[in-house]
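Peer 1: Got a predicted model here, sequence first, then my questions.
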Amino acid sequence: MGEGRRFDAQALAKKSAELESSSPPDILAWAIAEYRPRLCISTGFGLEGCALIDMAVKIDPAVPVFTVDTGFLFPETEALIARFVARYGITLTTYRGEVSKAEQERQHGLSLWDRDPDQCCQLRKVEPTERVVAGVDAWIAGLRRDQGRSRASIPIVERLAHADGTPLVKVSPLARWTRNDTWKYVLAHDVPYNPLLDQGYRSIGCWPCTRPVDGNADERAGRWAGTEKKECGIHFIGGRRGA
């Protein structure tokens, strides 16, 4: 795409439609070539993020990857992150909320996730993610359309906006994939994944808010169990989508 079309909403919508028939590695290759170096891959080291990293480092071993440490990660998640860094040599940057966990407890008391999970997610996950994506032109995420109703219509490429109105391009290479597609890739390529996924967890976030569920349950049923909440809010960033 020409320089003037890299952020044009109509051009990006057309490109998104064209990429509907492309594989996730091909979509990643396009995004990296188009927006490097001002791009990043976000991951909480769920199954999708693990697959994306495996694909991306084969295209560009130094592709920037970031994660957010909420202070409430499962030990299994922390071990997986260390394993990925050792195996892939990825350029991983870890961000934390500007309000520390200790300060959060002083300001809001213990167990904020029980009383106001949206506020807890804002402090621990959304705020640091906002800081990261504020410095890039393109943000690559592991969203899939079959993860839930709020994600059912996500485009592969969309033009969002930073807080100051400048453009932000969001790329979802796995949008068309199903959970089974993702598992097939991970197993076929021997990609490390969180062992909690073999213990009844279908989607993994912070330990206070994540539970194992029945295998037939909705993929995100174990997140913020007992509430209507299904999203932490990071994919509201950019002002368009509530995925």
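Peer 2: Right, received. Where do you want to start?

Peer 1: Tell me if I'm right that Gly238 and Val171 touch.
Peer 2: No. Using C-beta atoms under 8 Å, Gly238 is not in contact with Val171; the gap is 12.0 Å. Where C-beta positions appear, they are placed from N, C-alpha and C, glycine not excepted.

Peer 1: what is in contact with the two at once?
Peer 2: Where contact means C-beta atoms under 8 Å, 6 or more residues apart in numbering, the residues bridging Gly238 and Val171 through contact with each are Trp139.

Peer 1: Reduced to three states, what does the closest residue to Glu98 other than its chain neighbours come out as?
Peer 2: With sequence-adjacent residues excluded and distances taken as C-beta to C-beta, 6 or more residues apart in numbering, Glu98 is closest to Glu127, at 6.2 Å. Here Glu127 takes the helix state, with states given by DSSP: H, G, I helix; E, B strand; the rest coil.

Peer 1: Local confidence estimate at Ile237?
Peer 2: You'll see Ile237 listed with a pLDDT of 83.

Peer 1: same thing with Arg240?
Peer 2: Per the predicted model, pLDDT is 50 at Arg240.

Peer 1: which residue ranges form the strands in the protein?
Peer 2: When secondary structure is read from DSSP state E, the chain shows strands at 39-42, 64-68, 91-95, 138-140, 157-161, 167-171.

Peer 1: For Val186, grab the count of nearby residues.
Peer 2: Neighbours of Val186 under the rule other C-beta atoms under 10 Å: 18.

Peer 1: Likewise for Leu160?
Peer 2: Using other C-beta under 10 Å as the criterion, Leu160 is surrounded by 18 other residues.

Peer 1: Grab the nearest non-local neighbour of it.
Peer 2: Beyond its immediate neighbours in the sequence, the residue positioned closest to Leu160 (C-beta to C-beta, 6+ apart) is Gly238, lying 2.8 Å away.

Peer 1: how many other residues sit next to the one you found?
Peer 2: If we define neighbours as other C-beta under 10 Å, then Gly238 has 20 of them.

Peer 1: Begin at 21 from now on, thanks
Peer 2: Taking 21 as the first residue, the last one we looked at is Gly258.

Peer 1: Who are the contact partners of it?
Peer 2: Val153, Trp159, Leu180, Ala181, His182, Leu188, Lys190.

Peer 1: Over to Thr97?
Peer 2: For Thr97, the contact set (C-beta under 8 Å, 6+ apart) comprises Gly64, Phe65, Asn214, Leu216, Ile224.
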